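Student: Return atomic coordinates for the entry below.
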Amino acid sequence: MSTLTQRYQVKGMSCASCAATIEKESKQFPLVKKAQVNFATESATIEYNDQADLARLFTSLKERGFELTPMGRGEKPQTEDHSGKKFLFAFIFSLGLFWFAMGPGMHAFEERTNWWIQLALATPIWIGVGWPFQKAVWLLFRRGVANMHTLIGLGTGAAYLFSVFMTVFYDFTKAHNLAETVYFEAAGFIISFVYLGQFFEHKARRRARQAMDALFTLSAKEATIVDADGVEKKIPLSEVKVGDKMIVRPGEKIPVDGNVLQGISSVEESLMTGEPLPVTKQKSDWVYGGTLNGEGTLIIRAKKVGSETFLAQMMSFVEDAQLKKPEIQRYADRISSIFVPIVIGISLLTFLAWYFLATDQSHSLAFALSSMIAVLVIACPCALGLATPTAVVVSTGVASLRGLLISGGEAIEKASDINIVVLDKTGTLTHGKPFVVESEFIETDVIVEEELQRDILSIENYSEHPLSKAIVQFLQAPNRGMIDPDQFEILPGLGLKAQIAEKSYLIGSERLMQEHKIDYKNAGIHFEGKSGSLAFVSLNQKLVAYFLINDKLKEDAVLGLQKMKELGIEPWLVSGDRKAEVERVAKLLGIEKFHGEVLPLGKAELIEKIQKTGLRVAMMGDGVNDALALSKANLSIAMGTGSDVAIEASDVTLVKGEVMTAYEFFKLARETMKVIKQNLFLSFVYNTLCIPLAAGVFYPWLGWLMPPAFASAAMGLSSLSVLTNSLRLKYVLSNHVLRRRS
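Tutor: Down below sits the predicted model:
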């Protein structure tokens, strides 16, 4: 038996308690291992055994009003919103109700006729537009399931059915002095305002998902394949196979990940890596599917297709991130799931209290009913359900377009209170590959420096050794050509030997110079005490140049660590490299606590030791030899480079591997948690203050009262306030937290 994971689009959710209901129902179903539902993204992920009969689960959920449709990885949810049309329909009829209930038409007919007109206007709203709410009430009585729609259904149902009774049995109610009013206009306006709130809410949620939608638009739809005979053929992207040769012309999207076989062009990668400037691509360079080709034509060999491409991994990562819940949201979900039954109880107590305690018994039924309806309508926990996921959707979406991949709200919550960040050296604070950090050319009558550099470049270009590649990168210049050596020989473990015309070159280690009896110590160069690998160059048995090659610090490392310190996060450098080298790097970066020659197990043990003191530790590493330490840390941050990044293995992945981006993540986490707490505060305060107001608690002393229609409008405004605050986070992150890359 194997385990499968499937994403679904969910229809029919009205609040966080709906998401909690689907999760609970799914987890209790046989052979379902895990279920995550996100109200903000209207999606779910279910992990199940391959023998699970999910059809029965979906039938059960459909009976409760939820419809789950399978979605593929990277497939954009298809959502249709009809709330705007429903609002217009209900609102037009509600205006008619208002005309006859409180406006100029109030006295146009006798009261009985007036009420029958209102009944005619209210019925299409209550039965037609308001059917989802009435269905929710039916589910409450049939299955014991309650959500936001249940509260609206109970409130509008009580108002409508009471008014129908008063109208149909007009003579009886008048004779027994039950009440002197009907609530058709309340039912109409409540349903209208609920749909108006849903309309704005849907628009806001769509704006919150803009970053995710931007990723969906990146993918190409087809590819131009070149067969063995050189014939071009356009095929759908889904048919591209590893090894296919493709041609990408100027202005076209690169279909899949691969390397360049032929051509030179600039490629726009900004939405993938956060890099604003086009990147030059030529033979052997790696390109990503979904990036935009510039002015040149490229021939590419497909290396990763389908779900293996970096874009597909990135979309999957962000989709999963927006489903993962921080602990603070789990509290909100638990509260929301029990909140609806509690509100129903409060509304019933409100009705009974006012019915039996009202001083004017002739109005007690009407007053009690009005207060009960107001409580049911105003207490909807929709704002509570939106408080956390909308902020997480905004922050993870914005971050993903800046080369910062966050695994979800849980990672954001953990990052907000980190005290110490433990850093690996190679590949984290340094580039992790050799660079020429120092060079010197000695004057000679035999050759000018420009010609010498050209010869060295031409010789080194024939070698695949990492040190040779570092020298080639250092010497390459736009106008510097290369020539073919007349003779070329690799001397294993020593270096290179080459002949160009009458010039005999040796390029390599100190040992190579010694074996060929070249006086390199008295040539006037200063290399003693230098950290790194030395490559000497001799021409016709005389030393003419040397290169000092070493890994070098990332350009943003000093500033990034300084900024982390300003946040109160102390950096520790822990590396397997020599103690002297670790100490040198630590001093350059201003790191006070450092450890060298530490094995992977030792890194994990050091993290555990720090954690026992009560401090929370983040680990930053390259995700390979630091895997054990990353797993032990409270928060794991992996440095990544393009398609080789294991983005599923850590809480956070820095696509470009920049230290400043790690600081930006810590700042983003704190800003996001601040907004989440503000949203929860708004939600809780709103319900805490408004439920007593709707129940009429302040009426005996202050005369404060909230009619049901006003309660409906206030309920919608509470959700909008939370959504607006979450969308404000997008502005804060884009303009004040994440760097403007220009």
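
Student: Are there helices or strands packed against the longest helix along the chain, and which ones?
Tutor: In the chain, taking DSSP state H as the definition, the longest helix is helix 659-695. Using 3 or more C-beta pairs under 8 Å, 6 or more residues apart in numbering; DSSP states H and E, the elements in contact with helix 659-695 are helix 327-357, helix 361-378, helix 382-400, strand 404-406, helix 409-415, helix 557-566, strand 652-654, helix 708-732. Bear in mind the C-beta positions are built from the backbone N, C-alpha and C, glycine included.

Student: Tell me which of these lies nearest to Glu460.
Tutor: Glu460 sits nearest to helix 557-566 of all the helices and strands packed on helix 659-695, at 28.0 Å, using C-beta to C-beta.

Student: how about the closest one: buried residues?
Tutor: The neighbour-count check on helix 557-566 (16 or more other C-beta atoms under 10 Å) flags Ala557, Val558, Gly560, Leu561, Lys563, Met564 as buried.

Student: Tell me what angle that helix forms with helix 659-695.
Tutor: 30 degrees (axes from the mean of the first three to the mean of the last three C-alpha atoms, to 10 degrees).

Student: For the residue of the chain most remote from its centre, give its distance to Ala312.
Tutor: In the chain, the greatest distance from the average C-alpha position (C-alpha atoms, centre = their mean) is reached by Ala175, at 63.6 Å. Plainly put, Ala175 is 73 Å away from Ala312 if you go by C-beta to C-beta, to the nearest Å.

Student: surely Glu232 meets Ile247?
Tutor: Yes. Look at Glu232 against Ile247 with C-beta atoms under 8 Å: they come within range, at 6.3 Å.

Student: Name the residue in these two with the higher neighbour count.
Tutor: Ile247 (17 against 10; other C-beta atoms under 10 Å).

Student: isn't there a helix covering the more buried one?
Tutor: No. Counting by DSSP: H, G, I helix; E, B strand; the rest coil, Ile247 is located in no helix; its state is strand.

Student: who are the neighbours in contact with it?
Tutor: The contact partners of Ile247, taken as C-beta atoms under 8 Å, 6 or more residues apart in numbering, are Thr224, Val226, Glu232, Thr297, Leu298, Ile299, Ile300.

Student: pretty sure the last one contacts Glu252?
Tutor: Same thing as Ile300. No. Contact between Ile300 and Glu252 fails when scored by C-beta under 8 Å: they sit 11.0 Å apart.

Student: So which of the two has more stuff around it?
Tutor: Under the neighbour definition other C-beta under 10 Å, Ile300 and Glu252 were set side by side, and Ile300 has more, 28 against 17.

Student: Would you report the backbone torsion angles of that one?
Tutor: The phi/psi pair for Ile300 (degrees, to the nearest 10) reads phi -130, psi 140.

Student: beta partners for it?
Tutor: Beta bridges link Ile300 to Met246, Val260, judged by DSSP bridges.

Student: Settle this for me: Ile191 is touching Val129, isn't it.
Tutor: Yes. Under the criterion of C-beta under 8 Å, Ile191 makes contact with Val129 at 5.8 Å.

Student: any common contacting residues for those two?
Tutor: Common neighbours of Ile191 and Val129, counting by C-beta under 8 Å, 6+ apart, are Ala90.

Student: Counting neighbours, go ahead and name the busier of the two.
Tutor: Neighbour count, other C-beta under 10 Å: between Ile191 and Val129, Ile191 has more, with 32 against 24.

Student: For the more buried one, what is the enclosing helix or strand?
Tutor: Using DSSP states H and E, Ile191 sits within helix 184-208.

Student: got any ranges where the stretch 101-250 of the chain has weak pLDDT?
Tutor: 146-148, 176-180, 197-198, 200-218 (pLDDT under 70).

Student: avg pLDDT for stretch 417-425?
Tutor: For stretch 417-425, the mean per-residue pLDDT is 93.

Student: Restricting to C-alpha, output it in CSV.
Tutor: This file holds the C-alpha atoms of stretch 417-425, laid out as CSV (Å, rounded to 0.1, in the frame of the first residue of the first chain):
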residue,chain,number,x,y,z
ASP,A,417,11.2,34.9,17.8
ILE,A,418,14.6,33.5,16.8
ASN,A,419,17.5,34.5,19.1
ILE,A,420,20.5,32.9,17.4
VAL,A,421,21.3,32.0,13.8
VAL,A,422,24.0,29.4,13.3
LEU,A,423,25.8,29.8,10.0
ASP,A,424,27.8,27.4,7.9
LYS,A,425,30.8,29.1,6.1
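
Student: That one: which residues count as buried?
Tutor: Going by neighbour count (16+ other C-beta under 10 Å), the buried part of stretch 417-425 is Ile418, Asn419, Ile420, Val421, Val422, Leu423, Asp424, Lys425.

Student: Against which helices or strands is the helix or strand Phe536 falls within packed?
Tutor: According to DSSP H and E, Phe536 maps onto strand 533-539. Applying 3+ C-beta pairs under 8 Å, 6+ apart, one finds that strand 533-539 contacts helix 449-460, helix 466-475, strand 503-508, helix 510-515, strand 542-550.

Student: in the stretch 601-742 of the chain, which segments are predicted with low confidence?
Tutor: If you take pLDDT under 70 as the line, the stretch 601-742 of the chain has these spans: 623-625, 627, 641-649, 709, 712, 715-716, 740-742.

Student: can you list the buried residues of helix 557-566 in a markdown table and add pLDDT and distance to Glu460?
Tutor: What follows is the buried residues of helix 557-566, written out as a markdown table (pLDDT from 0 to 100; distance: C-beta to C-beta, whole Å):
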| residue | pLDDT | distance to Glu460 |
| --- | --- | --- |
| Ala557 | 93 | 28 |
| Val558 | 94 | 31 |
| Gly560 | 93 | 33 |
| Leu561 | 95 | 34 |
| Lys563 | 94 | 38 |
| Met564 | 95 | 38 |
